[in-house]
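Participant: Attaching a predicted model along with its sequence, questions to come.
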Amino acid sequence: QVQLVESGGGLVQAGGSLRLSCTDSGRTFNTYNMGWFRQAPGKEREFIGAITWDARSTYYTDSVQGRFSISRDNANKNTVYLQMNSLKPEDTAVYYCAAGASFRYQLWSRGKAVDFWGKGTLVTVSS
């Protein structure tokens with residue numbers, strides 16, 4: 001069973017950086033592809049990006065390309081990270097990590113590849 005817990009959210013000024021973590025307490029973390037989503041107040045959930053189970057491939061949605069990056073530590077911490085740089089007020093949202101068996105972009109971008117969700121962590125970017 002995969003149990004995902006996000007951490008690292010908080011308040012940051014525009015232009016700043018923040019790193020989110022998502023840890024799985026189970027034993028199958030390194031068999032799942034992992035992704036990040038976000039949902040801003042009053043808006044639909046938005047796909048951010050994903051990383052393969054072995055960290056060899058990643059992809060990102062256009063709005064965060066070049067500013068956000070995803071990495072993972074399978075060996076020691078069962079954790080996936082979302083490094084967010086050059087943050088903007090429009091990045092304010094609840095951020096969710098997710099685990100899925102598929103790595104098809106068409107599925108991840110629509111949230112259809114997710115088998116397990118975390119509960120989210122709030123990121124607020126002040127102007």
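Facilitator: Cool, got the structure. No experiment lies behind these values; they were computed from the predicted model shown. Numbering: from 1, shown residues only.

Participant: For this structure, name the helix or strand with the lowest mean pLDDT.
Facilitator: helix 105-108 (a mean of 90; mean pLDDT, DSSP states H and E).

Participant: what does that one contact?
Facilitator: Residues from elsewhere that reach helix 105-108 (Cβ atoms under 8 Å, 6 or more residues apart in numbering): 33, 35, 47, 50, 59, 100, 102, 112-114. To be clear about C-beta, it is placed using only N, CA and C from the backbone, and glycine gets the same treatment.

Participant: how does it look with 7 Å?
Facilitator: Residues from elsewhere that reach helix 105-108 (Cβ atoms under 7 Å, 6 or more residues apart in numbering): 35, 47, 50, 59, 100, 113.

Participant: now stretch 113-123
Facilitator: Taking Cβ under 7 Å, 6+ apart as the rule, stretch 113-123 contacts 2, 4-9, 18, 20, 22, 91-102, 104, 107.

Participant: before we move on, what about stretch 68-78?
Facilitator: Contacts of stretch 68-78 (Cβ under 7 Å, 6+ apart): 23-24, 29-30, 34, 36, 48-49, 51, 55, 58, 60, 79-84.

Participant: Repeat the analysis, applying 8 Å as the threshold.
Facilitator: Contacts to stretch 68-78, defined as Cβ under 8 Å, 6+ apart, come from residues 23-26, 29-30, 34-36, 48-51, 53-55, 58, 60, 79-85.

Participant: Which among those residues count as buried?
Facilitator: 23-24, 29, 34-36, 48-51, 53, 60, 79-82, 84 (16 or more other Cβ atoms under 10 Å).

Participant: So which of the residues you listed sit within strands?
Facilitator: Counting by DSSP state E, the part of those found in strands is 23-24, 34-36, 48-51, 60, 79-82, 84.

Participant: Report the buried members of the contacts of stretch 113-123.
Facilitator: 2, 4, 6, 8-9, 18, 20, 22, 91-100, 107.

Participant: Cool, thanks, signing off.
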